[in-house]
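*Asks:* Have a look at this prediction, sequence included:
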Amino acid sequence: MPQNWKTYKLGEIAELSTGFAFKSKEYSNSGDLRVIRGKNVTEGVLRWGEDARFWDHELVQTLEKYRINLGDIVIGMDGSKVGKNRAQVREHDLPAILAQRVARVNSIEGVSDQDFLWQIINGKPFENYVDNIRTGTSIPHISLGQIGDWELTLPPLPEQKAIAGILSALDDKIELNLQMNKTLEEMAMTLYKHWFVDFGPFQNGKFVESELGMIPEGWEVKKMIDLATVTDYVANGSFKSLKENVTTYDEPEYALYIRLVDFNNGFSDLKYVDESSSNFLKKSKINGPEVIISNVGANAGTVFRAPTWLNQPMTLGSNSIMILENDYNEILYQYFLSYYGQDALQNIMTGSAQPKFNKTDFRNLDILLPPTEKAKEINNLFKENQKMIVANNGENHTLTKTRDTLLPKLISGEVRVKQAEQIVKDTL
């Protein structure tokens, strides 16, 4: 450690606080002042969905100390991802107020830099610390005091700012790629609706009756079973044989074992299988273009693609089905992402406690397609869009690895600012 660097507890170099104990009946479902609850704090960003909650602006004057500001660091203190669920407040998250069981971290002027604190709290060292000290089995949790007890090496303030600037350059590029992917996904869905819902390019032609209503002449309603091969984990054998022949690992092994949870957590906590297990699971081997859909559980109907940018053999885990590569992959992907595809999946769901659908019902779903050559042409357009998304994901994977490798070396002094600047320059 460099001579002028010192080790502190986080509580000695930052101001720590928690939010107000709101009662659920006091929340509103609409408004312009958001309440940051634990469920809003995810890995790196705040998520605002249909379950967002709001607070009355007129009452907030009595709770001014809980108001959130731009750049504040918030940490979820409960749940299976405690330690990973932390975010830095951005402009579009405001105005907002903090709820109980969410910690806030703010730098102390002249001692610590806020962006530097964010970089180290957003890194693996903090995650590892929380993994070792969290308590509770059904709902893991940490306390504000435990957060404050985390020890870290603190460089002088100018070097803190320099380190934050270097790592922020990587974060900015990652965020740009994520925004580009969001735009590409929105463009693809808009295009799908234009062609397959509004029939925009075909409005001047003749329409005919079908089991799905009026459709352009020459279009057909086909069964999934006639379009593509559908497989899953259990296609490889009985549960007994799967148990005997498949071993999963937490540490890197021959092949990735892809599960729905990986899609939900951004492929950040992977499982693996050895080569023998991978060979046994040959019927659910993933090559890349396949469309994967969860078919069991609360998230049944979730549609995703495998992380091909990780450049490793992959096989499909349980509770999902997979549409093997065919001439209509990208069209089918957009269809099952759309309202109409999701509605079709809901119609074949059974069970209330644990919703699910089976391969037989899925294979019998009706799919609307234009004439073969036109369908292939449209599919190829979507494919180019998907290639750009995969490329951005691949770049983000490299950038994230670079950031996660640099962070502990920078905060220990093993790598100095000038060296890191060159590494980042080469990466970008």
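*Replies:* Now that the structure is in, tell me what you want to look at. Numbering: from 1, shown residues only.

*Asks:* the strands in the stretch 51-200 of the chain, which residues?
*Replies:* Using DSSP state E, counting those that start in this stretch, the strands of the stretch 51-200 of the chain run over residues 73-76, 86-88, 96-98, 102-107, 151-154.

*Asks:* who wins for proximity to Glu43 among those strands?
*Replies:* strand 86-88 (7.7 Å; C-beta to C-beta). The C-beta positions use only the backbone N, C-alpha and C, and glycine is treated the same way.

*Asks:* for this protein, which helix is longest?
*Replies:* Longest helix in the chain, counting residues (DSSP state H): helix 372-412.

*Asks:* Domain parsing of this structure, as residue ranges.
*Replies:* Taking automatic domain parsing as the reference, the chain has its domains at 6-154, 220-369.

*Asks:* Those domains into JSON lines, with extra columns for distance to Thr398 and mean pLDDT?
*Replies:* Formatted as JSON lines, these follow (distance: least, C-beta to C-beta, whole Å; pLDDT from 0 to 100):
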{"stretch": "domain 6-154", "distance to Thr398": "17", "mean pLDDT": "90"}
{"stretch": "domain 220-369", "distance to Thr398": "9", "mean pLDDT": "93"}
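
*Asks:* ok, the spatially closest residue to Gly301 that is not a sequence neighbour - contacts?
*Replies:* Leaving aside its sequence neighbours, Gly301 sits nearest to Leu345 (C-beta to C-beta, 6 or more residues apart in numbering; 4.5 Å). Neighbouring residues of Leu345 by C-beta atoms under 8 Å, 6 or more residues apart in numbering: Ile293, Ala300, Gly301, Phe336, Phe357, Phe362.

*Asks:* For Leu345, what is the enclosing helix or strand?
*Replies:* Leu345 belongs to helix 339-347 when assigned by DSSP states H and E.

*Asks:* Using CSV, list the CA coordinates for that helix.
*Replies:* Extracted in CSV, the C-alpha atoms of helix 339-347 (Å, rounded to 0.1, in the frame of the first residue of the first chain):
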residue,chain,number,x,y,z
TYR,A,339,-48.4,-8.8,-26.2
TYR,A,340,-49.9,-11.3,-28.6
GLY,A,341,-47.3,-14.0,-28.0
GLN,A,342,-47.5,-13.5,-24.2
ASP,A,343,-51.3,-13.8,-24.4
ALA,A,344,-51.0,-17.0,-26.4
LEU,A,345,-48.7,-18.4,-23.7
GLN,A,346,-51.1,-17.4,-21.0
ASN,A,347,-53.8,-19.3,-22.7
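
*Asks:* what about Thr190, distance to Gln312?
*Replies:* Computed as C-beta to C-beta, to the nearest Å, the Thr190 to Gln312 distance reads 33 Å.

*Asks:* Looking at those two, which is more packed in?
*Replies:* Taking neighbours as other C-beta atoms under 10 Å, Thr190 and Gln312 compare with Gln312 leading, 14 against 10.

*Asks:* how about the nearest residue to that one once chain neighbours are set aside, phi and psi?
*Replies:* Ranked by C-beta to C-beta, 6+ apart and with sequence neighbours excluded, the top spatial neighbour of Gln312 is Leu256, at 5.4 Å. In terms of degrees, to the nearest 10, the main-chain angles of Leu256 are phi -80, psi 140.

*Asks:* can you check Leu369 too?
*Replies:* According to degrees, to the nearest 10, Leu369 has phi -140, psi 150.

*Asks:* tell me the contacts of the closest residue to it other than its chain neighbours?
*Replies:* The shortest distance from Leu369 to any non-neighbouring residue, by C-beta to C-beta, 6+ apart, is to Ala375 (4.9 Å). Counting by C-beta under 8 Å, 6+ apart, Ala375 makes contact with Asp327, Tyr328, Ile331, Leu369.

*Asks:* per-residue confidence at Ala375?
*Replies:* We have a pLDDT of 93 for Ala375.

*Asks:* Residue numbering should commence at 46 henceforth.
*Replies:* All set: I'll call the first residue 46, so the last point we hit is now Ala420.

*Asks:* Quick check: the gap between it and Ile412.
*Replies:* 10 Å.

*Asks:* can you check Asp160 too?
*Replies:* Distance from Asp160 to Ile412, by C-beta to C-beta: 49 Å.

*Asks:* Also Asn290?
*Replies:* 34 Å.

*Asks:* Show me which of those two is the more surrounded one.
*Replies:* Ile412 (21 against 14).
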